[in-house]
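Enquirer: Dropping a prediction and its sequence here:
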Amino acid sequence: MTDPNHNIFFMQLIIQNQQIAMMAMGKIKNPVTDKIDRNLEHAKIYIDTLDMLLAKTKGNLSEYEEKFLTETLKELKLNYVDEVDKNKKSGEGEKHKDDAEKKEEKS
């Protein structure tokens, strides 16, 4: 039998990853620094972590848990795509690519 607290911990885990991903996308302030910290690579890691969690728990979640996780992922992925598009439009994506190439040349 499952410990009733496991349901609460599972939901907290989803929410925690969601909040960190949203902070990394610059959608919400970091409560520690009180600043917008944007790092799309970090956001992708947290989104991918939730994707893995969904795959690994397939068939073991309640209907509510599965729907909550699926909807959270959908929201995060839509926001992520929006932020990546903003980068492309502003040329920021090219800037990061150029910076990476310069670092390689120095090595």
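Expert: Sure thing, it's come through.

Enquirer: Give me the residue ranges of the chain where confidence is low.
Expert: In the predicted model, the chain carries pLDDT under 70 at residues 1-2, 92-107.

Enquirer: All the helices of the chain, in order from the start?
Expert: For the chain, the helices defined by DSSP state H occupy 4-24, 40-56, 63-90, 92-106.

Enquirer: Tell me which of those sits nearest to residue 31.
Expert: helix 4-24 (8.4 Å; C-beta to C-beta). Placement of C-beta: from N, CA and C, glycine included.

Enquirer: partner residues bridging residue 25?
Expert: residue 38 (DSSP bridges).

Enquirer: Next: the one 5 residues further on.
Expert: Taking DSSP bridges, one obtains residue 35 as the residues bridged to residue 30.

Enquirer: Which positions within stretch 51-64 qualify as buried?
Expert: 53-54, 61 (16 or more other C-beta atoms under 10 Å).

Enquirer: ugh, wrong one, stretch 39-52
Expert: 40, 43-44, 46-47, 50.

Enquirer: which residues touch residue 21?
Expert: Contact analysis of residue 21 by C-beta atoms under 8 Å, 6 or more residues apart in numbering lists 42-43, 46-47, 50, 76, 80.

Enquirer: change it to 7 Å
Expert: Going by C-beta atoms under 7 Å, 6 or more residues apart in numbering, residue 21 touches 43, 46-47, 76.

Enquirer: Looking at these, spot the one nearest residue 13.
Expert: Within the contacts of residue 21, the smallest distance to residue 13 is 11.1 Å, found for residue 46 (C-beta to C-beta).

Enquirer: Run through the residues that contact the closest one.
Expert: Residue 46 neighbours (C-beta under 7 Å, 6+ apart): 17, 20-21, 24.

Enquirer: Those into JSON lines, with extra columns for distance to residue 3?
Expert: As requested, the contacts of residue 46 are exported to JSON lines (distance: C-beta to C-beta, whole Å):
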{"residue": "17", "distance to residue 3": "21"}
{"residue": "20", "distance to residue 3": "25"}
{"residue": "21", "distance to residue 3": "27"}
{"residue": "24", "distance to residue 3": "31"}
